[in-house]
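*Asks:* coords please:
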Amino acid sequence: MQIGMVGTGYVGLVSGTCFAEFGIEVVCLDKDESKIARLEKGEIPIYEPGLEDLVAKQVKAERLSFTTDLKEAVIGSKAVFIAVGTPSRAEDGHADMSYVYQAAREIAQVMEGYTLIVTKSTVPVGTAQEVKKIVQEELDKRGDDSIEFDVCSNPEFLREGAAINDFIRPDRVVIGCESERAVEIMRDLYRPLYINETPMVVTSPETAETIKYAGNAFLATKITFINEIANLCEQTGANVQEVAKGIGLDGRIGSKFLHAGPGYGGSCFPKDTLALTQIGNKFGAPQQIVETVVKVNEERQRSMAQRVIEACGGDVNGKRIGVLGLSFKPNTDDMREAPSLQIIPILQDGGANVAVFDPVAMDEAKKHFENLEWCDDPYDVAKDADALVIITEWNEFRGLSMSRIADVMKTKCLIDMRNIYKPEDMHERGFHYVSIGRPVVSMDDHKVMQKAS
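*Replies:* Purely as a prediction, here's the structure:
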C-alpha cells in the first residue's frame with residue numbers, strides 16, 4: 001500500500017518515516033524545495049533522537065521518498081495525510097487552518113480515484129466536515145462525479161524527544177471516520193500495532209478532533225495544578241515532590257505530569273489549550289478551567305525570573321547569570337513557548353549579563369535572543385557567575401561536578417527550576433540553593449538529617 005504525507009514538519013516526517021517502518025510505501029511532500037533537497041541528501045531539518053537513522057534506513061529500503069510534486073504523493077496513494085502546521089492566530093488565538101484547507105483543495109484538484117484524506121494535524125472540531133466540503137467543491141469544479149473520497153481524523157500523540165517510540169508503541173490510536181471503507185483502510189495502515197494489542201478508538205471525526213485537544217488540555221492542567229501546589233508547599237514547609245508521589249500513587253490520578261517547574265511550553269500545549277478556549281467560546285461552551293490554566297501558566301513563566309532576581313538579593317543589575325537549558329524540554333531543539341523565552345529577557349531588562357548553554361538548541365535559540373554569551377559547556381556558563389539557573393532538565397545537567405561548579409562561580413547561588421539536586425547536598429556544599437516547592441534547608445536542619453541517618 002502507498003500513502004502520501006503532505007507536510008514534512010515534525011508530525012509529517014516522523015509519521016511518514018514510521019509508517020515506512022511498518023512496511024508501507026510513503027511519499028512525503030513539501031512545497032519547500034530546499035527542505036526536500038536536504039531530505040533527499042539525508043539531512044534532517046528537525047532534531048529528534050533516532051530519526052536520522054530511521055529515515056536513512058527507509059530511504060535505502062525504497063519505502064520512503066520525498067517530492068515537491070503533489071501528483072506523485074496523491075495519485076496511487078490509498079490514503080493522503082495532511083500534516084501541515086496549524087499555528088495560533090496572533091489576533092485571536094484560533095488555530096490558523098489556512099494550510100490545512102489549502103492542502104485539501106490541492107489534493108482534490110489532482111486525485112484520480114477513491115482517496116481517503118486524513119487530517120493528522122491538530123485541528124478544531126468540525127475540520128473534517130469543512131475539508132469534506134472543500135474537496136467536494138473542487139470535484140464539482142472539475143465536473144467529475146465519479147471520484148469517491150472519505151475524510152478521516154487521525155490525531156497524533158507524539159512527544160518531542162520520544163516521537164518514534166510513541167508512534168510505534170502508542171497508548172492508543174484514534175480513528176475518526178464516517179464510512180466502514182475508511183475504517184478498514186486505517187486498520188490496515190495500523191495493522192502492525194495489533195501485535196502489541198494497541199487499543200484503537202474508532203469514532204466520529206468530531207469526537208476524534210475533540211480527543212486530541214482534551215488530552216493535551218488535561219495534561220497541561222496537571223502541570224499547572226502541581227505548580228500551584230508547589231507555591232502552597234513553599235509557604236507551608238511541605239515538599240511538592242513528596243506530595244506528587246503521594247497523590248500520583250492513586251491510580252485515578254497517576255504520577256505523570258506532576259513535576260513542578262517553570263511551566264509548560266512547546267509546540268502543542270500552549271497552542272492547543274488556547275485553541276480549546278476559543279473552540280469553547282465559538283460553540284457556547286466556555287472552557288473555564290482551561291482558560292485559567294492558560295493564564296496561570298503565562299504568569300508562572302514570568303514569575304520564575306523574579307525568583308532568580310530574589311535569589312540574587314533583589315537586584316541583578318551588572319551581575320553575570322548563567323543559564324543551563326534553553327529548549328522547552330530535553331531531547332529537542334524546539335524553542336516554541338519555552339520558559340527561557342520569558343525568563344531571560346526579564347533578567348536582561350534588569351541589567352543582567354546572561355551566559356547560556358544548551359546541548360542541542362543553541363542554533364535555534366540564536367534566532368530568538370540577542371546579547372547573550374553563548375558558552376561551550378556548563379562549566380563555561382558557571383565561570384564567574386553570580387548565580388546559575390537550571391531551566392531545562394537535560395540528563396547531562398543531572399550529574400554535574402558541583403565542586404567544580406562551586407570553584408568557578410563568583411557566588412555559589414543555584415536556582416534549580418527542575419528540582420534536580422537535593423537541598424541538603426547543595427547546602428552542605430555551601431550553595432544558596434533555591435528549588436521549586438521544597439523547604440529551604442538550614443544548617444540546623446541539615447545537622448538533624450545527618451544525625452537521623
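*Asks:* got the contact list for the spatially most central residue of the chain?
*Replies:* For the chain, residue 266 is the residue whose C-alpha lies nearest the centre (C-alpha atoms, centre = their mean; 4.2 Å). Residues in contact with residue 266 (C-beta atoms under 8 Å, 6 or more residues apart in numbering) are 160, 328, 329, 332, 334, 336, 337, 338. (C-beta placed from N, C-alpha, C; glycine too.)
*Asks:* nearest spatial neighbour of it, chain-adjacent residues omitted?
*Replies:* residue 328 (4.4 Å; C-beta to C-beta, 6 or more residues apart in numbering).
*Asks:* I'd like the distance between the residue nearest to the centre of the chain and residue 205.
*Replies:* In this view, residue 266 and residue 205 are 26 Å apart by C-beta to C-beta, to the nearest Å.
*Asks:* now, among the contacts of residue 266, which is nearest to residue 120?
*Replies:* Checking the contacts of residue 266 against residue 120 by C-beta to C-beta gives residue 160 as the nearest, at 15.7 Å.
*Asks:* give me the neighbour count for the closest one.
*Replies:* Per other C-beta atoms under 10 Å, the neighbour tally for residue 160 reads 24.
*Asks:* with the one 10 residues further on instead?
*Replies:* Residue 170 has 19 neighbouring residues, counting by other C-beta under 10 Å.
*Asks:* before we move on, back to that, can you get me a residue count around the residue nearest to residue 266?
*Replies:* Residue 328: 28 neighbours (other C-beta under 10 Å).
*Asks:* sec struct for it, please.
*Replies:* When classified by DSSP: H, G, I helix; E, B strand; the rest coil, residue 328 comes out as coil.
*Asks:* is it true that it touches residue 358?
*Replies:* No. Contact between residue 328 and residue 358 fails when scored by C-beta atoms under 8 Å: they sit 10.8 Å apart.
*Asks:* and the helix or strand hosting residue 214, what's buried?
*Replies:* Here residue 214 sits within helix 205-236, counting by DSSP states H and E. The neighbour-count check on helix 205-236 (16 or more other C-beta atoms under 10 Å) flags 205, 208-213, 215-217, 219-227, 229-230, 233-234 as buried.
*Asks:* and if you look at stretch 22-30?
*Replies:* For stretch 22-30, the neighbour count (16+ other C-beta under 10 Å) marks 22, 24, 25, 26, 27, 28, 29, 30 as buried.
*Asks:* distance check, residue 169 against residue 192.
*Replies:* If you measure residue 169 against residue 192 using C-beta to C-beta, the figure is 11 Å.
*Asks:* I meant residue 64, not that one.
*Replies:* With C-beta to C-beta as the criterion, residue 64 and residue 192 are 16 Å apart.
*Asks:* compare those two (neighbour count), which wins?
*Replies:* Neighbour totals were compared for residue 64 and residue 192, and residue 64 leads with 25 against 15 (other C-beta under 10 Å).
*Asks:* give me the pLDDT value at that one.
*Replies:* pLDDT recorded at residue 64 is 97.
*Asks:* setting aside sequence neighbours, what's the nearest residue to it?
*Replies:* residue 58 (3.7 Å).
*Asks:* what's the helix or strand for that neighbour?
*Replies:* Going by DSSP H and E, residue 58 is part of helix 51-60.
*Asks:* next one: residue 19
*Replies:* Going by DSSP H and E, residue 19 is in helix 10-21.
*Asks:* so how far is that helix off the chain centroid?
*Replies:* Averaging C-alpha positions (C-alpha atoms, centre = their mean, to the nearest Å) puts helix 10-21 16 Å from its chain's average.
*Asks:* helices or strands up against that helix?
*Replies:* Counting contacts by 3 or more C-beta pairs under 8 Å, 6 or more residues apart in numbering; DSSP states H and E, helix 10-21 packs against strand 2-6, strand 25-29, helix 51-60, strand 64-67, strand 79-82, helix 163-168.
*Asks:* same thing but at 6 Å, please
*Replies:* strand 25-29, helix 51-60, helix 163-168 (3 or more C-beta pairs under 6 Å, 6 or more residues apart in numbering; DSSP states H and E).
*Asks:* give me whichever of the ones you listed is most buried.
*Replies:* Of the helices and strands packed on helix 10-21, the one with the most neighbours on average (mean count of other C-beta atoms under 10 Å) is strand 25-29, at a mean of 25.
*Asks:* C-terminal to that one, what's the next element?
*Replies:* Counting by DSSP H and E, the next helix or strand C-terminal to strand 25-29 is helix 33-40.
*Asks:* in PDB, list the C-alpha atoms belonging to that following helix.
*Replies:* The C-alpha trace of helix 33-40 is given here as PDB (Å, rounded to 0.1, in the frame of the first residue of the first chain):
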ATOM      1  CA  GLU A  33      12.100  22.800  -2.300                       C
ATOM      2  CA  SER A  34      15.200  23.500  -0.200                       C
ATOM      3  CA  LYS A  35      13.800  21.200   2.600                       C
ATOM      4  CA  ILE A  36      13.100  18.400   0.100                       C
ATOM      5  CA  ALA A  37      16.600  18.800  -1.300                       C
ATOM      6  CA  ARG A  38      18.000  18.500   2.200                       C
ATOM      7  CA  LEU A  39      15.900  15.400   3.000                       C
ATOM      8  CA  GLU A  40      17.000  13.700  -0.200                       C
END
